[in-house]
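**Student:** Sequence below, structure please.
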Amino acid sequence: MTLLLPLRRHFVPNETFYRLALDIVIMNRVCRIFRKGLMGFRGFQFIDMTDHFPLRAIQITKKKPEWRTEKEIKLLRSWLQFVESYQKYSLNLQLLLAKVIRFER
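**Tutor:** Numbers count the residues shown, from 1 in each chain. Next up, the predicted model:
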C-alpha cells in the first residue's frame with residue numbers, strides 16, 4: 001500500500017523540489033499502471049503470421065477447385081482471414097474466392 005500525502009506548497013519552500021517530487025509521484029503511478037497491463041501478456045499467445053501459410057492450406061490450394069470438399073473450403077476461408085486484403089471482401093465473395101484460389105511459389 002502506498003502512502004499518498006498531498007504535497008502542498010506551504011510544506012515545501014523550494015518550487016523546483018516541489019515539482020520534482022510531484023513528477024516522481026506521477027511517474028510512479030504511470031509505471032504501476034503500465035506494469036499491471038503487462039502482467040496479462042503471455043508469449044505463447046503471440047503467433048506471427050507474417051510470410052506463413054499453413055501446410056494443410058497449401059495442400060488444399062494445390063488441388064483442383066472442383067475436387068475440394070466443403071469442409072476444406074471453409075478451412076481455407078478461415079486461414080485467409082489473416083490476409084488484410086481478403087478481409088475487405090464480403091463473406092459471400094470470400095467463400096467464392098476460397099473455392100478457386102490456388103497456391104504457386
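**Student:** residue ranges of the helices in the chain, please?
**Tutor:** Ranges of helices within the chain are 15-38, 55-62, 70-80, 84-87, 91-100, based on DSSP state H.
**Student:** Can you report how many residues lie near the nearest residue to Q81 once chain neighbours are set aside?
**Tutor:** Distances taken as C-beta to C-beta, 6 or more residues apart in numbering put Q87 closest to Q81, at 6.3 Å, once the chain neighbours are dropped. To be clear about C-beta, it is placed using only N, CA and C from the backbone, and glycine gets the same treatment. Neighbourhood size, Q87 [other C-beta atoms under 10 Å]: 10.
**Student:** I'd assumed R77 was in contact with Q87.
**Tutor:** No. Applying C-beta atoms under 8 Å as the test, Q87 and R77 come out as separate, 11.1 Å apart.
**Student:** Below-threshold pLDDT in this protein: ranges please.
**Tutor:** By pLDDT under 70, the low-scoring segments of the chain are 1-13, 37-51.
**Student:** out of the helices of the chain, deepest packed?
**Tutor:** By mean neighbour count, with neighbours taken as mean count of other C-beta atoms under 10 Å, helix 70-80 ranks first of the helices of the chain at a mean of 16.
**Student:** care to break this protein down by domain?
**Tutor:** 1-42, 55-100 (automatic domain parsing).
**Student:** Relative to L95, how far out is the residue lying closest to Y86 once chain neighbours are set aside?
**Tutor:** Spatial nearest neighbour of Y86, chain neighbours left out: L80 (4.7 Å); criterion: C-beta to C-beta, 6+ apart. Distance of L80 to L95, computed by C-beta to C-beta, to the nearest Å: 10 Å.
**Student:** again, but for E104
**Tutor:** Going from E104 to L95 by C-beta to C-beta gives 21 Å.
**Student:** now the end-to-end length of stretch 80-94.
**Tutor:** With C-alpha to C-alpha, to the nearest Å as the measure, stretch 80-94 spans 9 Å from end to end.
**Student:** what's in contact with that stretch?
**Tutor:** 49, 77, 97-98, 101 (C-beta atoms under 8 Å, 6 or more residues apart in numbering).
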